[in-house]
Structures are given as structure tokens and as C-alpha cells.
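Undergrad: My questions are about this predicted structure, shown below with the sequence.
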Amino acid sequence: MIVLWRETAESRRAGFAVSRQVRRAVDRNRARRRLRAAYRTARAAAPARAALVVIAKPPVLREPLTALTDEMRAAFTAIPGARA
């Protein structure tokens with residue numbers, strides 16, 4: 001998983017993308033749903049004023065959701081900025 005971010009004046013927002021390395025559209029949609037589910041539990045760790053893009057790679061489909069959430073929370077914690 002790759003997390004890109006940019007500081008903004010507006011409140012936090014997030015977008016989700018899935019790499020074409022995940023071949024089938026069904027799997028890409030499932031990966032996107034898993035990212036959104038992990039984001040819902042980890043979003044408190046993200047800065048309050050940031051635009052986030054989370055990009056999924058093929059391992060997102062194999063990792064347990066708790067591991068995915070922990071990885072996302074760690075990535076959000078590394079981003080500087082005030083938390084809400």
C-alpha cells in the first residue's frame with residue numbers, strides 16, 4: 001500500500017486507487033472496498049487538514065483486515081500535522 005498526501009486548507013479527504021497489477025476488475029473492486037473499510041477505522045490517525053490518496057497493490061487482497069488497518073494507521077501517523 002502506498003499513501004500519498006498533501007496539506008490542504010480544507011478538512012481531511014481521501015481517495016482510493018488500485019494498481020493494474022491487480023488483474024481482474026472484481027479483485028480491484030474488492031481491494032478498494034478493503035481500503036475503505038481500513039480507512040474508516042484508521043482515519044483518526046490521519047492529519048485533520050490533508051488530502052490523502054491510498055494506492056493498493058496486490059498484497060492488499062491477501063493481508064488480514066487488521067494488518068491492513070495497522071499498516072494504514074502507521075502510514076497516517078508518519079504524516080506531519082495536527083490530528084482532529
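TA: Arrived safely. Computed from a predicted model, the values in this text were never measured in an experiment.

Undergrad: only C-alpha atoms for contact and neighbour calcs from this point on.
TA: Will do.

Undergrad: and Ala46, how far is that from Ala75?
TA: 8 Å (CA to CA, to the nearest Å).

Undergrad: Among the two, which residue is more densely surrounded?
TA: Counting neighbours by other CA atoms under 10 Å for Ala46 and for Ala75 shows that Ala46 has the greater number, 27 against 17.

Undergrad: Run a quick neighbour tally on the nearest residue to that one once chain neighbours are set aside.
TA: Leaving aside its chain neighbours, Ala46 sits nearest to Phe76 (4.7 Å; criterion: CA to CA, 6 or more residues apart in numbering). Phe76 has 21 neighbouring residues, counting by other CA under 10 Å.

Undergrad: mind listing what Phe76 touches?
TA: Listed by CA atoms under 8 Å, 6 or more residues apart in numbering, the contact set of Phe76 reads Ala42, Arg43, Ala45, Ala46, Pro47.

Undergrad: if I pick Arg32, what's in contact with it?
TA: Contact analysis of Arg32 by CA under 8 Å, 6+ apart lists Phe16, Ala17, Val18, Ala56.
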